[in-house]
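Colleague: could you look at this predicted model? Sequence included:
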Amino acid sequence: MKQVVTKTAAGRATDNVFAAAHGRLPGSGLVAHIRARAFEAYERAGLPHRRIEAWKYTDLRTLIGAVLPLAPRPDAAALVRAAASVKQTAVDRAVKLVLVDGIFVPSLSDLDSLEDGVAVRSLREVLEDTTDSAMAGLVLSTTTDAVISLNAAMATDGLVITISDGEAVKRPIQIVHVTTGSLVSNFTRSYLQLGQGALAALVESFVSVEGASGYQTNDATIALVGDEASLSHIRLAADAADAVHISSSIIAVGARAKLDLFSMTCSGSVSRYQGFVTLTGEGSKLSANAVNLIRHKQHVDTTMVVDHAVPYCTSREKFRAVIDECGRSVFQGRIVVRPGAQKTDATLTTRALLLSDEARADNKPELEVLADDVSCGHGSTSGALDGALVFYLRARGLSEKDAQALLIGAFLGEAIEEIAPESLRDFVTAQTEHWMQARR
C-alpha cells in the first residue's frame, strides 16, 4: 500500500533551510551523502514533540515551531562585535578557539598558544580534505535523536581536537561560540580525542553580541576519553534572552579513565542540554553536575543518559535548579546498567529551588538495572527557601534579596565545588553571582 505523507508548514520550511544551505555546507561526495541521509532521518521524525518520551516536557514543535534559516558568514563588522564578546567571556589563562555564527575564526583564536601534543583543525578543513575519506564519518549521526540528526546534516563548522597519549595539558582549552545575527540558526559540531593517560580541561561558552536576538543554536560535541585519561568538560550557556539553544554531548569513557562534567544555563528562552555518556572500560569514573538558573518564562531542560556498559564503574550525578518568576526547569536522568556490568556504583540526585508560586520543576530520574550485583539509587526534591532561615538572616541586617542570595549560593555550592581547576570554579561562581545580582 502506498503511503502519502503530508508535511506541515514547519516541515516544508525546514526542507527549504536545508536546500538553501546546501552550497555552504563543507564536504562533497561521501560527506554530502551522509548529510543527506542524516537530514532524511530528521525529516522522518521532525522536531521532537511531547509524544516522544525523551522530549515529553520540551515540545519543540510548540516552543519554537520551525528551524530558522542558516546564519550568513560573519563579515568584518560582525567579527569586531564578536571580539568584544569573546573578551568578556574569556576564562583566565585559557587557550581560546572562537566560532562566530557557526564558522571558526583563527584571527580571534589562540592557535599559537597551543601546547605540544595538542592538534586543532577546523571541521570545515577536515571535511573538505578529499584525500581522507575516513573523516566523512565526523558528520555521521550516531543516535536516533532528531536534533542530533539535524546537526549532522547542517553543521557548517566546528573543531577537531586531538591530544596525544600521556599529554598533561596545563591550560584549559575554551571553545567560544558567538552569535552576532538575529532570527538565524547556527549548527556546529566538534570532536575531541583524548589520548591514553592524557589530562585536559575543555570549556565551552555560548554568548551573543549586543543586539543579537531570536536566534537558534544547535551544537554537538563528541568526545573519546582514552584509557587512564582524565577530562574536565565545562559548558556555560549565556545566550540572548529570547534565544533557543540545543546542545548535545556524546562521550565514551575508556578503562580507568575519569570524566568530570559540569553544565550551567543562565539565559535563553528555550534551552536543552542532553548528554549521552557511555562507560566503555572497566574502572572508569563519571562525575556529572549541572546548575540551571531560570527566570522570567525561560524553559531549561537538562537530560542525561549514563550507560554502564561494563563492570566496576562509578557514576555520581548532582543537578540543581533555581527557578524564579514563571520559569520552568526540566531534569531527566537515566542510568542504564547493562547485563554483566556487575559492581556498578551509581547515584543520581536532583533538587529544585522554587522562588515563586508560578515557578515549575519537572524531575524524572530513572534506573534501568539489568545486573544483580550493583549499588544504584536516585532521589528528587523540589521546594521553596526555608522561611525561618530567611527571617534569621534578615534579623541580622540583610535585605530579603541578599538573604535569598546567600541561601541560593549554599544550595548551588555542592554542584559547583567539584569543578577543577580552581580558576574554572571561580569563573563559574562569578557567573552565578552575576545572575543573583540581576535579581536584586
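Modeller: Arrived safely, thanks for sending. Just so it is clear, the model here is predicted, and its values are computed rather than measured.
Colleague: residue ranges of the helices in this protein, please?
Modeller: Counting by DSSP state H, the chain has helices at residues 9-21, 30-45, 60-63, 76-89, 123-127, 146-154, 387-394, 400-416, 422-439.
Colleague: roughly how far does the nearest residue to residue 384 once chain neighbours are set aside sit from residue 290?
Modeller: Among residues not flanking residue 384 along the chain, residue 354 sits closest, at 5.3 Å (Cβ to Cβ, 6 or more residues apart in numbering). Bear in mind the C-beta positions are built from the backbone N, C-alpha and C, glycine included. Noted for residue 354: a distance of 17 Å to residue 290, by Cβ to Cβ, to the nearest Å.
Colleague: what do you get for residue 317?
Modeller: Remark: distance between residue 317 and residue 290 (Cβ to Cβ) = 8 Å.
Colleague: intersection of neighbour lists for those two?
Modeller: Common contact partners of residue 317 and residue 290 (Cβ atoms under 8 Å, 6 or more residues apart in numbering): residue 304.
Colleague: follow-up on the earlier one: need the pLDDT of the residue nearest to residue 384.
Modeller: Looking at residue 354, its pLDDT is 97.
Colleague: count the residues that sit near it.
Modeller: By other Cβ atoms under 10 Å, the residues close to residue 354 number 19.
Colleague: that one is in contact with residue 363, isn't it?
Modeller: No. Applying Cβ atoms under 8 Å, one finds residue 354 not in contact with residue 363, separated by 11.8 Å.
Colleague: show me where the stretch 1-150 of the chain dips below the pLDDT cut-off.
Modeller: Applying pLDDT under 70 to the stretch 1-150 of the chain flags residues 1-13, 15, 132-134.
Colleague: let's see it at 90
Modeller: 1-17, 19-23, 28-30, 129-144 (pLDDT under 90).
Colleague: what is the burial count for residue 349?
Modeller: With neighbours defined by other Cβ under 10 Å, the count for residue 349 comes to 18.
Colleague: ok, now residue 414?
Modeller: Residues lying near residue 414 (other Cβ under 10 Å) number 14.
Colleague: could you do the one 3 residues further on as well?
Modeller: Counted by other Cβ under 10 Å, the residues lying close to residue 417 total 11.
Colleague: so what's the closest residue to it other than its chain neighbours up against?
Modeller: Distances taken as Cβ to Cβ, 6+ apart put residue 425 closest to residue 417, at 7.0 Å, once the chain neighbours are dropped. Listed by Cβ under 8 Å, 6+ apart, the contact set of residue 425 reads 416-417, 419.
Colleague: in CSV: these, plus distance to residue 277 and pLDDT.
Modeller: Below are the contacts of residue 425 laid out as CSV (distance: Cβ to Cβ, whole Å; pLDDT from 0 to 100):
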residue, distance to residue 277, pLDDT
416, 20, 95
417, 21, 92
419, 17, 91
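Colleague: now do the shared contacts for residue 354 and residue 363.
Modeller: Common contacts of residue 354 and residue 363 (Cβ under 8 Å, 6+ apart): residue 382.
Colleague: so for residue 330, which of the helices of the chain sits nearest?
Modeller: helix 60-63 (11.3 Å; Cβ to Cβ).
Colleague: report the buried residues of that closest one.
Modeller: Buried residues in helix 60-63, counted by 16 or more other Cβ atoms under 10 Å: 60-61, 63.
Colleague: okay, these in CSV with distance to residue 167 next?
Modeller: Listed next are the buried residues of helix 60-63 as CSV, based on distance: Cβ to Cβ, whole Å:
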residue, distance to residue 167
60, 39
61, 45
63, 42
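Colleague: and which of those residues is nearest residue 199?
Modeller: Residue 199 lies nearest to residue 60 out of the buried residues of helix 60-63, by Cβ to Cβ, at 37.2 Å.
Colleague: is it true that the closest one touches residue 47?
Modeller: Yes. Using Cβ under 8 Å, residue 60 is in contact with residue 47, at 4.3 Å.
Colleague: need the overlap of contacts for these two.
Modeller: Common contact partners of residue 60 and residue 47 (Cβ under 8 Å, 6+ apart): residue 147.
Colleague: state the number of residues packed around residue 370.
Modeller: Residues near residue 370, counting by other Cβ under 10 Å: 12.
Colleague: residue 361 too?
Modeller: Neighbour count of residue 361, defined by other Cβ under 10 Å: 23.
Colleague: do the same with residue 311
Modeller: 18.
Colleague: then residue 21?
Modeller: Residue 21 has 18 neighbours, counted by other Cβ under 10 Å.
Colleague: any idea what the residue nearest to residue 384 is bridged to?
Modeller: Beta bridges link residue 354 to residue 323, judged by DSSP bridges.
Colleague: looking at it, residue 58 is touching residue 299, isn't it?
Modeller: Yes. Assessed by Cβ under 8 Å, residue 58 is found in contact with residue 299 at 6.8 Å.
Colleague: wait, isn't residue 291 in contact with residue 415?
Modeller: Yes. Contact criterion Cβ under 8 Å: residue 291 and residue 415 qualify, at 5.3 Å.
Colleague: next, show the common contact partners of these two.
Modeller: Residues within reach of residue 291 and of residue 415 at once, by Cβ under 8 Å, 6+ apart, are 262, 319-320.
Colleague: tabulate the residues you listed (a markdown table), appending pLDDT, distance to residue 167 and neighbour count.
Modeller: Shown next, in a markdown table, are those (pLDDT from 0 to 100; distance: Cβ to Cβ, whole Å; neighbours: other Cβ atoms under 10 Å):
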| residue | pLDDT | distance to residue 167 | neighbour count |
| --- | --- | --- | --- |
| 262 | 97 | 22 | 24 |
| 319 | 97 | 31 | 25 |
| 320 | 97 | 33 | 24 |
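Colleague: of those residues, closest to residue 232?
Modeller: residue 262 (7.8 Å).
Colleague: do you know how far that closest one is from residue 300?
Modeller: Residue 262 is 15 Å from residue 300, by Cβ to Cβ.
Colleague: tell me how far the closest residue to residue 29 other than its chain neighbours lies from residue 321.
Modeller: Nearest residue to residue 29, sequence neighbours excluded (Cβ to Cβ, 6+ apart): residue 130, at 7.1 Å. According to Cβ to Cβ, residue 130 stands 47 Å off from residue 321.
Colleague: neighbour count for those two, which is higher?
Modeller: residue 321 (28 against 13).
Colleague: right, and that one touches residue 299 too?
Modeller: No. Applying Cβ under 8 Å as the test, residue 321 and residue 299 come out as separate, 11.7 Å apart.
Colleague: so what's the residue count around the residue nearest to residue 347 when sequence neighbours are not counted?
Modeller: Nearest non-adjacent residue to residue 347, counting by Cβ to Cβ, 6+ apart: residue 377, 5.2 Å away. A count of nearby residues for residue 377, using other Cβ under 10 Å, gives 12.
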